[in-house]
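> Provided below for reference: sequence and predicted model.
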Amino acid sequence: MQQTYFCPRCSAPITSGQTYCTNCNTVLNWPASQMPPQYQSSPYQYPNQQQSWGQQPQYGQQYGWNQQQSNLPPVDDQQAGKGYKDQDHLRDTDDEPGLLQRIQSHKGIIAKILIALIVVTALIATGIALQGEIIKLFSKPVVASFDASSAEIITGQSATLQWNVTGVTSVSISPGIGTVSSSGTRTVSPDTTTKYTLLANNLFGSVSESKTITVREPAPSIDSFGFNTGSIFAGQSATLSWSVAGATSVSINPEIGTVSLTGTKNVAPGSTTTYTLTASNSAGNSTATATITVAVSG
């Protein structure tokens with residue numbers, strides 16, 4: 001019949017060869033002949049402790065702790081836990097492996113965990129460093145610039161469009177230009193005010209920007225304005241002629257008033273007179289002067 005043993009400290013059932021009590025954590029030393037375990041503790045833990053063995057087991061017990069022959073008070077869980085802490089250094093040298101032995105026996109797993117942590121840390125650091133670039137890869141195109149060398153030109157003049165787009169699969173400019181590269185320039189000469197629109201596309205959407213070039217007609221040009229002679233005598237007349245282009249209205253002062261774009265007019269001023277031609281359109285005014293000298297006979 002198999003014998004039953006009990007912890008000499010707390011009387012909990014134990015098995016033959018058990019290294020410590022699972023109830024109160026008392027270290028147990030078993031002789032080679034499998035005698036009942038001898039209670040072992042630190043001399044600093046229970047200075048008045050006495051051990052008692054060989055008493056007849058009571059109530060069917062084979063071995064037990066003789067409370068009458070011991071100066072120890074009844075054991076509770078808190079005292080048992082304290083005893084366990086004081087005996088950790090003994091257990092490390094017994095059958096139970098210590099922290100160093102555990103680390104050595106699992107060093108392969110620990111090494112793999114450390115490598116995994118290093119890799120994860122490196123990936124996180126890389127992700128933070130490349131955060132801006134990663135966002136660009138998964139976002140709509142970015143129009144860094146779209147501009148014109150001049151926002152206003154005169155009819156017949158030209159302007160240069162310039163653009164730069166990132167994160168794009170296709171770029172087009174309208175009207176009249178079509179598909180272009182992601183960056184570049186293009187010279188345009190619109191006849192009227194024109195709004196140019198840049199459209200950039202990729203897998204995540206499209207963006208557009210516009211630039212308006214205002215076209216103004218040039219100021220009127222006065223091709224000629226003058227007299228057929230530089231001077232006359234009082235009572236004589238002189239012929240004033242003119243030619244104007246690009247004007248919506250033309251006038252000559254003094255005394256003549258509104259005239260056509262080209263023409264002639266005989267004048268007989270009583271004294272030396274300067275005539276002023278004014279040509280106008282939406283872009284502004286142009287002026288010219290002509291003087292006739294009147295000599296007094298006599």
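Perfect, I can see it now. Residues are numbered from 1 along each chain as shown.
> where does the stretch 101-250 of the chain dip in pLDDT?
Low-confidence segments of the stretch 101-250 of the chain (pLDDT under 70): 127, 129-138.
> residue ranges of the helices in it, please?
For the stretch 101-250 of the chain, applying DSSP state H, counting those that start in this stretch gives helices covering 107-129, 131-137.
> which other helices and strands contact the first one?
For helix 107-129, not one helix or strand is in contact under the criterion 3 or more C-beta pairs under 8 Å, 6 or more residues apart in numbering; DSSP states H and E. Yep, even glycine has a C-beta here, placed from its N, CA and C like the rest.
> Output it as PDB, nothing but the C-alphas.
Taking Å, rounded to 0.1, in the frame of the first residue of the first chain, the C-alpha atoms of helix 107-129 are listed here in PDB:
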ATOM      1  CA  LYS A 107      18.100  31.300 -24.900                       C
ATOM      2  CA  GLY A 108      17.100  30.300 -28.400                       C
ATOM      3  CA  ILE A 109      13.500  31.600 -27.900                       C
ATOM      4  CA  ILE A 110      14.800  34.700 -26.200                       C
ATOM      5  CA  ALA A 111      17.200  35.400 -29.100                       C
ATOM      6  CA  LYS A 112      14.300  35.100 -31.600                       C
ATOM      7  CA  ILE A 113      12.200  37.500 -29.500                       C
ATOM      8  CA  LEU A 114      15.000  40.000 -29.400                       C
ATOM      9  CA  ILE A 115      15.500  39.800 -33.200                       C
ATOM     10  CA  ALA A 116      11.800  40.200 -33.700                       C
ATOM     11  CA  LEU A 117      11.800  43.300 -31.500                       C
ATOM     12  CA  ILE A 118      14.700  44.800 -33.300                       C
ATOM     13  CA  VAL A 119      13.100  44.200 -36.700                       C
ATOM     14  CA  VAL A 120       9.800  45.700 -35.500                       C
ATOM     15  CA  THR A 121      11.600  48.700 -34.100                       C
ATOM     16  CA  ALA A 122      13.500  49.300 -37.300                       C
ATOM     17  CA  LEU A 123      10.200  49.000 -39.300                       C
ATOM     18  CA  ILE A 124       8.500  51.500 -37.100                       C
ATOM     19  CA  ALA A 125      11.500  53.900 -37.300                       C
ATOM     20  CA  THR A 126      11.500  53.600 -41.100                       C
ATOM     21  CA  GLY A 127       7.800  54.100 -41.300                       C
ATOM     22  CA  ILE A 128       8.000  57.300 -39.300                       C
ATOM     23  CA  ALA A 129      10.900  58.600 -41.400                       C
END
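> Go through it and flag the buried ones.
Within helix 107-129, no residue is scored as buried using 16 or more other C-beta atoms under 10 Å.
> just how off-centre is it within its chain?
Offset of helix 107-129 from its chain centre (C-alpha atoms, centre = their mean, to the nearest Å): 25 Å.
> Tell me who's in contact with V259.
Listed by C-beta atoms under 8 Å, 6 or more residues apart in numbering, the contact set of V259 reads 242, 250-252, 265.
> gap between it and L277?
8 Å (C-beta to C-beta, to the nearest Å).
> What score does P57 have for pLDDT?
Looking at P57, its pLDDT is 41.
> returning to that earlier point: could the helices of the stretch 101-250 of the chain be laid out in a markdown table, adding distance to T4?
Formatted as a markdown table, the helices of the stretch 101-250 of the chain follow (distance: least, C-beta to C-beta, whole Å):
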| stretch | distance to T4 |
| --- | --- |
| helix 107-129 | 39 |
| helix 131-137 | 67 |
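> and N164, which of the ones you listed is closest to it?
helix 131-137 (14.3 Å; C-beta to C-beta).
> Now do the strands for the stretch 51-200 of the chain: every range, in order, please.
Listed from the start of the chain, the stretch 51-200 of the chain has strands (DSSP state E, counting those that start in this stretch) covering 142-148, 152-154, 159-166, 170-174, 178-180, 183-188, 194-202.
> what's the closest of the ones you listed to G284?
Short answer: strand 152-154, nearest of the strands of the stretch 51-200 of the chain by C-beta to C-beta, at 10.8 Å.
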